[in-house]
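Chemist: from the sequence below, what's the structure:
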Amino acid sequence: MMDKRERLRQLQDETRQLNEEIARQERTCKHSFPDEPVYDPIETPNMVYSHLEGHGSDPNPIYKQAGTNSKPRWKRTCVHCGKVEYTEKKKTTATAPDFGR
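Modeler: Numbering: from 1, shown residues only. Here you go, the predicted structure:
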């Protein structure tokens, strides 16, 4: 039976090799992205102050979630290698994502 540390080392080696293969594939790919990127906003919880808990000179502030904050972002995926690119930039002529190329 294999030791857990040895198994972990093997998995880390395999992960490193796969990451290198993916990076090599992305470097050599002649990327082809679809015409229309996908809207993929960054959503974060909107936390607001609720009350204090605890006694004495150091009470803890308690926050609760009140909806979410959304930041515009778009993504596109290469149809050949699967590379994903994100952008938060927009062109000034229209509300279209700008990947800066």
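Chemist: which stretches of the protein form strands?
Modeler: For the chain, the strands defined by DSSP state E occupy 38-39, 42-53, 60-71, 74-77, 84-87.
Chemist: need the ones you listed in TSV with mean neighbour count and mean pLDDT, can you?
Modeler: Placement of C-beta: from N, CA and C, glycine included. Output for the strands of the chain, formatted as TSV (neighbours: other C-beta atoms under 10 Å; pLDDT from 0 to 100):
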stretch	mean neighbour count	mean pLDDT
strand 38-39	11	94
strand 42-53	11	92
strand 60-71	10	92
strand 74-77	18	96
strand 84-87	14	94
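Chemist: between those, which gets nearest to Arg16?
Modeler: Nearest to Arg16 among the strands of the chain is strand 84-87 (20.4 Å), distances taken as C-beta to C-beta.
Chemist: what's the closest one in contact with?
Modeler: Residues from elsewhere that reach strand 84-87 (C-beta atoms under 8 Å, 6 or more residues apart in numbering): 33, 37, 40, 73-78, 97-100.
Chemist: hey, C-alpha coordinates of it in CSV?
Modeler: Output of strand 84-87 as CSV, limited to C-alpha atoms (Å, rounded to 0.1, in the frame of the first residue of the first chain):
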residue,chain,number,x,y,z
VAL,A,84,-9.7,31.5,-21.4
GLU,A,85,-9.2,35.2,-21.5
TYR,A,86,-10.9,37.8,-19.4
THR,A,87,-11.3,41.5,-19.7
